[in-house]
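A.B. asks: A predicted structure for the sequence below; I have some questions about it.
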Amino acid sequence: MTAIHTLDEKTLSNFSTLASYKFPPEFRDFYTSSGISYLDEILGGGFLKGKTYLVAGETGCGKTIFALQFLIYGALHGEPGVYIAIDEPTDQLLKGIKQFGWDVTPLIKARRLLFLDMRTHFSKIYLREERKRIEPKYIIESIIKSASEIKARRLVIDPIAPLIYGGTKDDVLYAREFLREMVFAIEKTGKLTTILTSEIPTGSRQLSRFGVEEFLASGIIVLGLEEISGRIERIMFIRKARWAPVRPGKFVFDIVPGTGIVIRGPIESFKKHKL
């Protein structure tokens, strides 16, 4: 097994905002930081360790940035993570990450981050004519094995369903069962806090592609856009947070290159002051 290496000061300085945020010690036994300080506060401690969370939203609302921030924060603070790419080749993804202002190359070299291209694997699960060529158990075991190799504590599957998916009713039922098995197996390890991202069709009230992801998740965060006093703002809606003392609520946030998601405050304060 390859050793996990320490990070030098230059790497830490490249992620100064994420590196400087210290997750409160009193939360560490039961929670995993989201990588977003305000969100950890809202949730009363962050994400429950070893549980699964769904981040849903329309195209371009910040789901991938959210998921990457979660992974990078963990990598900087001794919690390696694995990113499973379902829709986009990892080389293109890494180019986009660098353009955003995050150079994750040192984190990959230090075995703090691992990016896996599993587009082919998941397409064979979701498409009937390909299904007989692969066992769902193999995909699940591959994910868990890869996570184990770098002693990962965080996992992202982005997105949980390919954007081109257009299966029949039977295909949906098969996919639901696969997702149940996968989430249960990952949570059974007790080691991986997981984010699944889900693409919401524009104008839809759906939270997921197969209608089962939201029931498997311990929390649901919906990202979207909303007009406030004539301006289009990015909105984060805490839809569900199991075992957390939080009421469903909306928060205004920005996406800042090189920093990530920054929550500015509750939507009510923006409407009240017409900012």
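C.D. replies: In hand now; what should we look at?

A.B. asks: residue 146 against residue 117, yeah?
C.D. replies: No. Assessed by CB atoms under 8 Å, residue 146 is found out of contact with residue 117, at 11.5 Å. From N, CA and C alone the C-beta is placed, and that goes for glycine too.

A.B. asks: which regions of the stretch 51-200 of the chain lie under the pLDDT threshold?
C.D. replies: Where the stretch 51-200 of the chain drops to pLDDT under 70, the residues are 123-134, 162-167.

A.B. asks: so where do the helices sit in it?
C.D. replies: 63-76, 90-100, 105-109, 119-126, 128-131, 136-149, 169-188 (DSSP state H, counting those that start in this stretch).

A.B. asks: where's the third one relative to the chain centroid, distance-wise?
C.D. replies: The one in question is helix 105-109. Taking the mean of its C-alpha atoms, helix 105-109 sits 19 Å from the chain's own mean (CA atoms, centre = their mean, to the nearest Å).

A.B. asks: ok, and what's touching it?
C.D. replies: 5, 7-8, 10-11, 14, 72, 75-76, 98, 113-115 (CB atoms under 8 Å, 6 or more residues apart in numbering).

A.B. asks: need those residues in CSV (columns: distance to residue 85 and neighbour count).
C.D. replies: What follows is the contacts of helix 105-109, written out as CSV (distance: CB to CB, whole Å; neighbours: other CB atoms under 10 Å):
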residue, distance to residue 85, neighbour count
5, 23, 12
7, 23, 19
8, 27, 10
10, 27, 8
11, 23, 20
14, 22, 19
72, 15, 24
75, 17, 30
76, 21, 21
98, 15, 12
113, 12, 24
114, 11, 21
115, 7, 18
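
A.B. asks: which one of the residues you listed is nearest residue 161?
C.D. replies: If you rank the contacts of helix 105-109 by distance to residue 161 using CB to CB, residue 115 comes first, at 19.2 Å.

A.B. asks: tell me the contacts of the residue lying closest to residue 192 once chain neighbours are set aside?
C.D. replies: In space, residue 192 comes closest to residue 155 once its chain neighbours are excluded; the distance is 4.6 Å by CB to CB, 6 or more residues apart in numbering. Listed by CB under 8 Å, 6+ apart, the contact set of residue 155 reads 81, 82, 84, 143, 147, 186, 192, 193, 194, 195.

A.B. asks: one step back: out of the helices of the stretch 51-200 of the chain, which comes closest to residue 268?
C.D. replies: Closest among these, once you apply CB to CB, is helix 63-76, at 22.1 Å.
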